[in-house]
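*Asks:* Structure here, sequence nowhere to be found:
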């Protein structure tokens, strides 16, 4: 079956924001006005189409990213609604990896919040063009100009205001379109489907004209065509301005800013127009690049895959989910070529072939069978056995390995055990399925106690996992207290010798190396270099030494926590012509690493969290005192519509159960958000007790 909509008329977008900014409500309105849904879904009533999980409906939050497809102005829009809670940041990460553009939703009262900064940085990393939608313009305390300023100050963005709010708070009734020089006013009846396009009200005309001139001046600094017309004092058409805004957005030189009130059904149609006008089609973004694959191995040669239907098939699997009706669902983004149900593709990561039995177009948890898919499509396949998140699917004759996505490391773990013998058998397999779905969730075994541990991004993340075990997999489990995922590193240079010699009659084992360890940059991980001459230790043993050092790095020398940010140099050693082997050098590398680490003043690191607490002014003193008692460092205080916002960096180990403490200290009026900031050394006195507890 041929392509129904040209690739240039396709938009792949995500909706991203801080929790409670109105992402899902905005998505529900988009589905309603595009005709995809016949009624408005509401988050607070548990009827939102995109929040289909029981846990999402009960809590009123998005937990898993949901995909859907709708049509507007003869374009097809593939939408992924992402969570706003930091515990589910992997859902945003993997969605942005495969999307071409994004809508960033801001709460018009709160503006840029901590998780907004996180998702903005993720979008920067994947170079995703964005438009900003300032939502909740009907709320008391809303401030559109302040939101625009926060985009500059907090996100270092380059906002281009193309709409002004018509009224604010209770009197918000529409927007002023600066490009068209007109006002769009929504009818209070008809669920926002009807609106009137009128002249800009006289009392706003001068202000609108001033903002329009500022918009054109802003555009002219990035666009030669606009600059030329302005210098010649010629009148620009709305179409010319839209083309210039599009060029600016696609080049990541600016972000168009719109406004509205999704809950009150205002501002969504112009937002859809902005998606079509300003965000890229798959052909507008640079071709995806991957590594050329030869003899089953990825090489250093980079190869591009332009978004063309007649090119070799290449797709990235970005999400695995378990469906109670069809089993494993693998979501993937097609970057080039086309695929028909029944064809066979190569999983480059495993080297195995996979037959595509069924292809589905997803609408949240509803499925629509399709025959084929094309470049730019986001679809799902049923029953792929070997595919995991981040795997590349491609044409067997033209293999390419696309770049995998970054998975954040878990910061918290708890012990888990089945309640009954019957649950015991199902627990491991159920956890395996959940781990397959969520790469940021890990199942570990405590080497000291043999207990099963589950690790994740926060208390809510693990709470949802345990809830899903009970409801979806019928497995009841007891969960222990949360434990912090500590790390270790070194604070100075150290050297160590590893010598492994075994003689047991016949051929023995001989491996000998000297390693030098240096502290690395924060976030640099493990780096291995060699400055040794080939005559001292043959080159073929270097990788064995590296593997041994990496293995030792996974369990540190203080309390067995993984070591991070370490640079390892192999600088001396010796070998035996007959007895030396890879295994011997692997053991020697491990021994040398541990000795060097002990001599390099190892230190314990703990996860530090960026915490933002919003409280009424009368409780600020109590909140600051409490954060200080938790070893918190107050970074900033700001006034936000009658409430104080306290920003601090606090150790994760001190934040367990903070929600209850904050509620009782502020009569239930305080709220807080928290996300991982960095690892920091544990104070010496505390480190000793942690080492005793975990190191024995």
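*Replies:* Alright, I've got the coordinates. The shown structure was predicted, so the numbers you read here are calculated from the model rather than taken from an experiment.
*Asks:* Show me which helix or strand of this structure is least confident by mean pLDDT.
*Replies:* helix 54-59 (a mean of 64; mean pLDDT, DSSP states H and E).
*Asks:* Which strands or helices does the longest helix along the chain pack on?
*Replies:* Ranked by residue count under DSSP state H, the longest helix found in the chain is helix 202-220. Contact here means 3 or more CB pairs under 8 Å, 6 or more residues apart in numbering; DSSP states H and E; on that basis helix 202-220 packs against strand 159-161, strand 163-166, helix 224-231, helix 238-250. Every C-beta, even on glycine, is put in place using the N, C-alpha and C of the backbone.
*Asks:* could these be laid out in JSON lines, adding distance to residue 102, mean neighbour count and mean pLDDT?
*Replies:* As requested, the helices and strands packed on helix 202-220 are exported to JSON lines (distance: least, CB to CB, whole Å; neighbours: other CB atoms under 10 Å; pLDDT from 0 to 100):
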{"stretch": "strand 159-161", "distance to residue 102": "15", "mean neighbour count": "21", "mean pLDDT": "96"}
{"stretch": "strand 163-166", "distance to residue 102": "18", "mean neighbour count": "24", "mean pLDDT": "94"}
{"stretch": "helix 224-231", "distance to residue 102": "25", "mean neighbour count": "15", "mean pLDDT": "88"}
{"stretch": "helix 238-250", "distance to residue 102": "11", "mean neighbour count": "19", "mean pLDDT": "95"}
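*Asks:* Let's have the ones you listed in TSV, adding distance to residue 501.
*Replies:* Shown next, in TSV, are the helices and strands packed on helix 202-220 (distance: least, CB to CB, whole Å):
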stretch	distance to residue 501
strand 159-161	66
strand 163-166	75
helix 224-231	72
helix 238-250	62
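*Asks:* looking at these, which is closest to residue 4?
*Replies:* Checking these against residue 4 by CB to CB gives helix 238-250 as the closest, at 24.0 Å.
*Asks:* and the next element down the chain from the closest one?
*Replies:* strand 255-259 (DSSP states H and E).
*Asks:* Run through the neighbouring helices and strands of that following strand.
*Replies:* Using 3+ CB pairs under 8 Å, 6+ apart, strand 255-259 is in contact with strand 130-135, helix 144-155, strand 159-161, strand 163-166, helix 238-250, helix 268-278.
*Asks:* can you give me the helices for the stretch 551-696 of the chain?
*Replies:* In the stretch 551-696 of the chain, the helices defined using DSSP state H, counting those that start in this stretch lie at 582-598, 620-629, 658-665, 684-695.
*Asks:* Highest mean neighbour count out of those helices?
*Replies:* helix 582-598 (a mean of 24; mean count of other CB atoms under 10 Å).
*Asks:* What are the contacting residues of that helix?
*Replies:* 490, 494-500, 502, 509-517, 537, 540-541, 543-549, 551-553, 556-557, 563, 566, 568, 570, 573, 575 (CB atoms under 8 Å, 6 or more residues apart in numbering).
*Asks:* Now the buried members of those residues.
*Replies:* Taking 16 or more other CB atoms under 10 Å as the criterion, what is buried in those is 490, 494-496, 498-500, 509-517, 537, 541, 544-549, 552-553, 556-557, 563, 566, 568, 570, 573, 575.
*Asks:* Just the ones in helices from these, please.
*Replies:* Using DSSP H, 544, 545, 546, 547, 548, 549, 552, 553 are the members of these that sit in helices.
*Asks:* Could you single out the nearest of those to residue 221?
*Replies:* Nearest to residue 221 among those: residue 553, at 48.5 Å, using CB to CB.
*Asks:* Return the distance of the residue sitting nearest the centre point of the chain relative to residue 119.
*Replies:* Closest to where the C-alpha atoms of the chain average out (CA atoms, centre = their mean) is residue 93, at 2.2 Å. Applying CB to CB, to the nearest Å, the value for residue 93 to residue 119 is 9 Å.
*Asks:* about what we covered before: name the next helix or strand downstream of the least confident helix or strand of the chain, please.
*Replies:* Taking DSSP H and E, what comes next after helix 54-59 is strand 66-72.
*Asks:* what lines up beside that next one in the sheet?
*Replies:* strand 75-81 (antiparallel) (DSSP bridges).
*Asks:* if you average pLDDT over the helix or strand that comes right after the strand it pairs with, what comes out?
*Replies:* Using DSSP H and E, the helix or strand that follows strand 75-81 in sequence is helix 89-98. For helix 89-98, mean pLDDT is 84.
*Asks:* And the contacts of the helix or strand following helix 89-98?
*Replies:* Next along the chain after helix 89-98, taking DSSP H and E as the criterion, comes strand 101-107. Applying CB under 8 Å, 6+ apart, the contact partners of strand 101-107 are 11-18, 20-23, 26, 96, 112-113, 116, 119-120, 123, 128-136, 139, 147, 150-151, 255, 271, 275, 279-280.
*Asks:* returning to what we had before: dump the helices and strands packed on strand 255-259 to a markdown table, plus distance to residue 309.
*Replies:* Output for the helices and strands packed on strand 255-259, formatted as a markdown table (distance: least, CB to CB, whole Å):
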| stretch | distance to residue 309 |
| --- | --- |
| strand 130-135 | 27 |
| helix 144-155 | 36 |
| strand 159-161 | 34 |
| strand 163-166 | 36 |
| helix 238-250 | 22 |
| helix 268-278 | 21 |
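*Asks:* Next, count neighbours for residue 233.
*Replies:* Using other CB atoms under 10 Å, the number of residues around residue 233 comes to 6.
*Asks:* does it count as helix, strand or coil?
*Replies:* Following DSSP: H, G, I helix; E, B strand; the rest coil, the label given to residue 233 is coil.
*Asks:* quick one: it from residue 216, how far?
*Replies:* As for residue 233, its distance to residue 216 is 12 Å (criterion: CB to CB).
*Asks:* For residue 483, name its beta-bridge partners.
*Replies:* In this entry, residue 483 is beta-bridged to residue 413, by DSSP bridges.
*Asks:* That one: what's it in contact with?
*Replies:* Contact partners of residue 483, counting by CB under 8 Å, 6+ apart, are 412, 413, 414, 415, 453.
*Asks:* any residues touching stretch 461-471, and which ones?
*Replies:* Residues from elsewhere that reach stretch 461-471, judged by CB under 8 Å, 6+ apart: 54-55, 63, 87-88, 412, 414, 416, 427, 430-431, 434, 438, 440-441, 454, 456, 475-477, 479, 482.
*Asks:* likewise stretch 432-443?
*Replies:* With CB under 8 Å, 6+ apart, stretch 432-443 has contacts from 89-90, 94, 319-322, 328, 388-390, 407-408, 410, 413, 428, 431, 452-457, 461, 465, 468-469, 473.
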